[in-house]
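A.B. asks: Test case, fold it:
(chains A, B, C and D)
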Protein chains: 4
Amino acid sequence: MSQSIELPPAVSPQSLCDRYLAVRSFTMKLCETLSPEDCCLQSMENASPVRWHLAHTSWFFETFLLKQDSSYGVFDDSYEVLFNSYYNAVGEQFPRHQRGLLSRPTLEQTFAYREHIDQAVAERIKAATDDDSHLTRIVELGIQHEQQHQELILTDLKHLFSHNPLFPVFRDGKSRSSQPHGTTTAWLPGLEGVHEIGHAGEGFAFDNESPRHRVFLEQHSIASRPVSSGEFLNFIEDGGYTRPELWLSMGWDFVQRTGCAHPLYWFQVDGSWQEYTLAGLRPLDQAAPVTHVSYFEADAYARWAGGRLPTEAEWEVHAADVPREGHFADTLLASNSAIHPASIDSEDDFPVQMFGDVWEWTSSSYAPYPGYQPAAGALGEYNGKFMCNQYVLRGGSVATSSDHIRATYRNFFSPDSQWQFSGIRLAKSE
Amino acid sequence: MSQSIELPPAVSPQSLCDRYLAVRSFTMKLCETLSPEDCCLQSMENASPVRWHLAHTSWFFETFLLKQDSSYGVFDDSYEVLFNSYYNAVGEQFPRHQRGLLSRPTLEQTFAYREHIDQAVAERIKAATDDDSHLTRIVELGIQHEQQHQELILTDLKHLFSHNPLFPVFRDGKSRSSQPHGTTTAWLPGLEGVHEIGHAGEGFAFDNESPRHRVFLEQHSIASRPVSSGEFLNFIEDGGYTRPELWLSMGWDFVQRTGCAHPLYWFQVDGSWQEYTLAGLRPLDQAAPVTHVSYFEADAYARWAGGRLPTEAEWEVHAADVPREGHFADTLLASNSAIHPASIDSEDDFPVQMFGDVWEWTSSSYAPYPGYQPAAGALGEYNGKFMCNQYVLRGGSVATSSDHIRATYRNFFSPDSQWQFSGIRLAKSE
Amino acid sequence: MSQSIELPPAVSPQSLCDRYLAVRSFTMKLCETLSPEDCCLQSMENASPVRWHLAHTSWFFETFLLKQDSSYGVFDDSYEVLFNSYYNAVGEQFPRHQRGLLSRPTLEQTFAYREHIDQAVAERIKAATDDDSHLTRIVELGIQHEQQHQELILTDLKHLFSHNPLFPVFRDGKSRSSQPHGTTTAWLPGLEGVHEIGHAGEGFAFDNESPRHRVFLEQHSIASRPVSSGEFLNFIEDGGYTRPELWLSMGWDFVQRTGCAHPLYWFQVDGSWQEYTLAGLRPLDQAAPVTHVSYFEADAYARWAGGRLPTEAEWEVHAADVPREGHFADTLLASNSAIHPASIDSEDDFPVQMFGDVWEWTSSSYAPYPGYQPAAGALGEYNGKFMCNQYVLRGGSVATSSDHIRATYRNFFSPDSQWQFSGIRLAKSE
Amino acid sequence: MSQSIELPPAVSPQSLCDRYLAVRSFTMKLCETLSPEDCCLQSMENASPVRWHLAHTSWFFETFLLKQDSSYGVFDDSYEVLFNSYYNAVGEQFPRHQRGLLSRPTLEQTFAYREHIDQAVAERIKAATDDDSHLTRIVELGIQHEQQHQELILTDLKHLFSHNPLFPVFRDGKSRSSQPHGTTTAWLPGLEGVHEIGHAGEGFAFDNESPRHRVFLEQHSIASRPVSSGEFLNFIEDGGYTRPELWLSMGWDFVQRTGCAHPLYWFQVDGSWQEYTLAGLRPLDQAAPVTHVSYFEADAYARWAGGRLPTEAEWEVHAADVPREGHFADTLLASNSAIHPASIDSEDDFPVQMFGDVWEWTSSSYAPYPGYQPAAGALGEYNGKFMCNQYVLRGGSVATSSDHIRATYRNFFSPDSQWQFSGIRLAKSE
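C.D. replies: Alright, predicted model coming up:
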């Protein structure tokens, strides 16, 4: 592990173990309402079966922590290949596009695998000394990794369910009353000059957030909240999807090829817009942030609106001063709310909504920061090798846990991706 | 229904009901060992999830029998589209290649659907008069249809399982000792002249088996048993898959494009041949009929062996005199045997093995018999519309029930198909 | 060469040479109006550049005749691979789908190649003895082969030109006045019983026309002329392309996938139907035989019309008694007429139009005749290896030379092919 | 036209006209050795036929200059669609992937079109007043556009020719003796701090080079010359193409999918490396800069070599001080040299080779500069809409004219592109 994954030095084994078990059990909680069938299907190459996520996150601890200890008793030898995602340094991988061809191990067997891992990890942590920083780092990385897959469980499941004319309900969730913002958005000013971005100091961060470094920004402003579904509807009604001048060339090809004419999961039923949510098919909430748009749609919308997408540096400079408030997976679940973006309730005039709800596409291609060093060994494959033809998203979403996100966090997807909770924040150059 | 689906006039409601329930319950028996996961995955467009077969066969009775009665209470309106296979006259169909994207209805709900149908059909039969020939025909067609899908359940499941490195065992089944035939095969003579083929008289037959008609055959001979795996191995070892002169042009393209170099489900493990069977991975049984070969492979083998495939007329003329003996799904299951082709045990010198074990590719393109009339209405889509670019197979396989096959039965698949229990019988022109 | 390519024993070297040169020069005549650009483009994998046809037909004589003589001086060594079409026994082939990537040899160099071959072949023939039947057979086969490629030059060129919005004119050709038949078609009766089809006796035939053999036919009748464009228009206007019940399943897929809604080369211009012909874009000639339809369209039309396509045996039995009259490539060119099908002018009440104009799809899958033996050696690849998933067409077309067609001639294409001059003849079972 | 395409105010009509005619005639010179066949083929969607380039560059002047004058007589109405590349604001475009299906207009007709345009443009320029800055801008843009297509003529032709086993020679060209550098490369230091990049001041630049703006750079160094073929050979021999840890994930997929194992146009002949050049197949020149590598290969090489690719800002900051020397299309052609990269001859110890020879991949995704405004109207589609999933290349190549390149010039291609003369320059962070 390189210097780029930083952790606070003092974590007691007990508190680490508690945190480990808490995060692992949240994964199980997400699956509470699911049938074995729900957990084994794969709807596209980019999405994985829930059960694969359950096994792979366990594989992660087994491979990078438990197997380092020669006395560890492997659960099943065949899992090394079956649940390796993309670590060439670990070895062969079962083909990604065939993850949905595995009916075995069953869900029950997978749960048993998780239990086996949890016991072994808990024992391993408890047996550690207070200053075993290597252990701490691996466990913390595994926890963060688990949280990333919790998000994917939700988005992959939603993608799968959306193909079913029965529109399955993941969790019903009470309807949050969304108070429309009206038309006002605050424009937060950003000053020209040299700024710093990237991770430094204490707390966990992925290697791709380092090193902290200087960037030069021009004067600009950034919107105080994401674009709403109602605003995006105006774009549609103004012919947004039929006007090539609003689109990147590759975006226009995407529209022509796929016939895309609205955000993913929107349906027109008897002349009115509905959206498929994890709480089922519902009337479109026009006040809520628009979600499930590709980079292409975000970029076209911004051009239509007379603005542009922010760079990731602009986004981060603003976010550094904004409290980490918004709608998150853990808090929504705890309050029995639907896992779906919402406008924010506030007496304040212009509350700033930068975290949770929807990931926000930035105009920045995912690239290494100056001086970036991937972690050593197989874990170096975690982030660095994906730095090509992907765009950075910031801020987390309703599928993210609140303790998983931070201002420096860099998410990334290819520009045609729609199945994440991805939305739009506008920026302006003047 | 046209005249081409013939039935014995006198079937009592009670005996029809008994037969209905027996066949339906055999479907359930086939699923006894399966998990919900096993039942919901789809491994390719041509194969369907087991659960889809369970629902579709029920849909068949609901659509063509129960819904004709206006007082019938539909189980779930959405099933009309979800479980329609290809009946355009009934209406829209859920896309075939997405059958594996449906996690709902669950397996349990599907079982409930089957029960609902079984009760309604049983009531409907019992309420019928003795001479309700329309009812009898539809029920009998539905029973035969159910049996066809029982076969597909086995072949589709085998295809799915074969992708899993764990090589799941469907049913263990005791190993049948196969007595090698040695190298001798009897060549049964066929006389030149006008012969009759096709269905006539009593008993059920599909519309594609009618009308019975005359064909002119040249003198020829036909092998008394299918080609064995050991014989096919000779073909492989003689470079069969690398010699273009042995192949149809389209077959050679198939070999080049897919890299096919042996029958489907054969694996070379540490230098010796194994085959994946429904009883797991086993050493290749060289005495057993070779199976899971495409028409292309069957044709190339025949050319290599100095023979040819029989026409379907030649096959039928011979089979008309052969007793319906061999290995079938129902008898194998009843005796706890592995569902896999085997050589036949016999003290006889040259027993004729034409039924069961493996479907045998004929050289005949699937086409209408002279004067063929498809059934009227939606059921006319059952067979006729598939008469293009498919080749006829005869005789049934280990996945067929013994009371489902007959000499006039025409099965058909595209020439690149390998996932059925398809094998090779040789013929010669002199 | 097997016995299946039969030739009259007595052909004098001089007359053979004359015929050779006449056919070769007709190829050149076809290219008179073409630019080098016209000759080098490839519009799809199934079509080849004109220049490739020019070279490949020469390659045929070089490979199978000239190179057999060790003293022959090869024109260019690289041509052996470059212009080998599909003869695996000769060796490697330049990839078919890349024939349009060869700008060299240029058209001029290709003409030089042809001249080189022509001189060498002429010398070879003149040096032969009167009874060199091997030479005669190869030369005759090469001549027939050349004529087949003359037809492909026309159809491949038409396909290429059709993509050009300028709609290039191949040859202007005076417009033949088509006298509409009215609605009457004679139905020629065919008697039930054993008939003979296939080649026997004198004259050239391809190996796939042998051996002559007996078939049993039911009583039927066959139309005296092909279906006209006007009749096909009725099918379109009756919703023919939108009614799944009229189509083979594979045909319906074809329609859905390609959006096909009329014969190839038909265009609707300002509300009226035009067709692209080798004489340019012209108003649809409703009296002329419909052409450029796939097997799927032919089959659907026949079903709509209450008939069916004839089998190839039925077709041949009728054609055996019909004079070889119709519109052919050589006669049309000689009379400066457009190379396009036309109705026939006649004072007779029901003239029978079975040759020329359009190839007629039969319902017969292309298969070997009983006892068929392909020619020995590489030439055995000429026909036999294509006997799979293709349908037989009979009768020749406007792109065929009049001395190239005969009643036993079997042409074959895959059922989705539209770029040949393919049309429809109806048959009826009663 | 926006402010972003800047031009010197004072260009006399006469000198503009001279320059116009000189550049246009250089295009014709490039085609001197080509046959009509060479000019009409298209080898892949990304490449166009030479003749298309000849017509499209003329179309550019016709569309954006001549047609603005209502008295202009259009050469051929159909060309508006036929030769529109991607300007949606102008109208429909003939499909890009079908440019190789147009045999008409012929090469001769295309030359006539060019003449027509040249006369009209020359007249239009001569009739202009001295200060018609709009005219000057459009003509200058058209000239630069013509030069870009001159480069594409060479690279597209090379790609086409490379598929021909005859390996056509474009121009023979004397062999330049390449003096190997040995193993030394100078590392030019770059200082940390705020730098300026982008176009400002006089002279032509494309809109994507503006506005000039500040960037913050860390301390780094950059190699004085591109990586040579000999150095790249070391990478190959060290297993570079078989070690996933050296590759971006998408690069590794590219290698697996395509089987790529060396730069495009390298061939191993009898155990020694040859490369196909525009002067034919030649032994690999190990001293010359490696060329025809994708971004993926450039990135993997850099990782293997312990360095990285420079950002475009780093590249530009260094290039700003380097004289515009190297091997260019115009100078190579003038000296009858082969159009192929070479090492530079020098008595200096470490001459800096940044221009000409090979375009150099940078690690920068192609994106708008802060405050970028595309040109108004259709010409705004020239650059801006391609700013997605492409990487910036800098410095020009042997296919670039020497007066076309400059330090601020941004070229861009997708990361899998190999058919440009693209090479590698290394950078280091310390």
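A.B. asks: Dig out what residue A:213 forms beta bridges with.
C.D. replies: As for beta bridges, residue A:213 partners with residue A:197 under DSSP bridges.
A.B. asks: Double-check it against residue A:196; I have them as touching.
C.D. replies: Yes: contact status for residue A:213 versus residue A:196: in contact at 6.9 Å, counting by CB atoms under 8 Å. In short, each C-beta sits where N, CA and C put it, glycine included.
A.B. asks: These two: who's more crowded?
C.D. replies: With neighbours defined as other CB atoms under 10 Å in any protein chain shown, residue A:213 and residue A:196 compare such that residue A:213 has more, 17 against 14.
A.B. asks: next one: phi and psi at the residue of the stretch 201-350 of chain A at minimum distance from chain D?
C.D. replies: Per CB to the nearest CB, residue A:244 is where the stretch 201-350 of chain A lies closest to chain D, at 3.9 Å. Main-chain torsions, residue A:244, degrees, to the nearest 10: phi -60, psi -30.
A.B. asks: Identify the residue of the stretch 251-400 of chain A closest to chain D, quick one.
C.D. replies: Counting by CB to the nearest CB, the stretch 251-400 of chain A gets nearest to chain D through residue A:365 (3.3 Å).
A.B. asks: Quick check: chain neighbours aside, which residue is closest to that residue?
C.D. replies: Distances taken as CB to CB, 6 or more residues apart in numbering or on different chains place residue D:365 nearest to residue A:365, at 3.3 Å, with adjacent residues excluded.
A.B. asks: what is that neighbour paired to in the beta sheet?
C.D. replies: On the basis of DSSP bridges, residue D:365 is bridged to residue D:391.
A.B. asks: so residue A:240 makes contact with residue A:252?
C.D. replies: No: assessed by CB under 8 Å, residue A:240 is found out of contact with residue A:252, at 11.7 Å.
A.B. asks: What's the mean pLDDT across stretch A:223-234?
C.D. replies: Looking at stretch A:223-234 alone, the average pLDDT works out to 97.
A.B. asks: what does it contact?
C.D. replies: Applying CB atoms under 8 Å, 6 or more residues apart in numbering or on different chains, the external contacts of stretch A:223-234 come out as A:180-181, A:185-188, A:263, A:273, A:275, A:284-291, A:293, A:301, A:305, A:307, A:341, A:343-344, A:350-353, A:357-358, A:360, A:423-427.
A.B. asks: list the contacts for the residue of the stretch 301-430 of chain A found nearest chain C?
C.D. replies: Per CB to the nearest CB, residue A:416 is where the stretch 301-430 of chain A lies closest to chain C, at 23.2 Å. The neighbourhood of residue A:416, defined by CB under 8 Å, 6+ apart, consists of A:254, A:294, A:295, A:296.
A.B. asks: again, but for residue A:331
C.D. replies: Residues near residue A:331 by CB under 8 Å, 6+ apart: residue A:402.
A.B. asks: Please save the CA atoms from stretch A:306-314 in CSV.
C.D. replies: Extracted as CSV, the C-alpha positions of stretch A:306-314 are listed here (Å, rounded to 0.1, in the frame of the first residue of the first chain):
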residue,chain,number,x,y,z
GLY,A,306,-26.7,28.6,-21.3
GLY,A,307,-24.3,27.2,-18.8
ARG,A,308,-21.8,24.4,-18.6
LEU,A,309,-20.8,21.5,-16.3
PRO,A,310,-18.3,22.4,-13.6
THR,A,311,-14.8,21.0,-13.7
GLU,A,312,-14.1,18.6,-10.8
ALA,A,313,-11.7,21.2,-9.3
GLU,A,314,-14.4,23.9,-9.3
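A.B. asks: buried set for it?
C.D. replies: A:307, A:308, A:309, A:310, A:311, A:312, A:313, A:314 (16 or more other CB atoms under 10 Å in any protein chain shown).
A.B. asks: Residue A:319: what's it in contact with?
C.D. replies: Here residue A:319 is in contact with A:354, A:355, A:394, A:395, A:407 (CB under 8 Å, 6+ apart).
A.B. asks: Buried subset of those, written for PyMOL?
C.D. replies: In PyMOL, a selection of the buried entries from these looks like this (16+ other CB under 10 Å):
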select buried, chain A and resi 354+355+394+395+407
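A.B. asks: Output the below-cut-off pLDDT ranges for chain A.
C.D. replies: A:1-10, A:175-183, A:346-350 (pLDDT under 70).
A.B. asks: Tell me where the longest helix sits in chain A.
C.D. replies: Using DSSP state H to define each element, chain A has its longest helix at helix A:133-161.
A.B. asks: How about the contacts made by residue A:421?
C.D. replies: By CB under 8 Å, 6+ apart, residue A:421 lies in contact with A:155, A:291, A:292, A:341, A:357, A:358, A:359, A:397, A:398, A:399.
A.B. asks: Which of those lies at the shortest distance from chain B?
C.D. replies: Within the contacts of residue A:421, the smallest distance to chain B is 15.5 Å, found for residue A:155 (CB to the nearest CB).
A.B. asks: Give me the residues contacting stretch A:60-74.
C.D. replies: The contact list for stretch A:60-74 (CB under 8 Å, 6+ apart) reads A:75, A:79-80, A:84, A:87, A:90, A:117, A:120-121, A:124, A:135, A:138-139, A:141-142, A:145-146, A:378-379.
A.B. asks: Report the buried residues of it.
C.D. replies: A:60, A:61, A:62, A:63, A:64, A:65, A:66.
A.B. asks: Would you tell me what the next helix or strand after the one helix or strand the third one maps to is?
C.D. replies: Okay, so that is residue A:62. Using DSSP states H and E, residue A:62 maps to helix A:50-64. Proceeding N to C from helix A:50-64, the next assigned helix or strand is helix A:79-82, under DSSP H and E.
A.B. asks: Name the surrounding residues that touch whichever helix or strand comes after that following helix.
C.D. replies: Counting by DSSP H and E, the next helix or strand C-terminal to helix A:79-82 is helix A:107-126. Here helix A:107-126 makes contact (CB under 8 Å, 6+ apart) with A:13-14, A:16-17, A:20-21, A:24, A:28, A:36, A:39-40, A:51, A:54-55, A:58, A:61-62, A:65-66, A:69, A:72, A:75-76, A:79, A:105, A:135, A:139, B:37.
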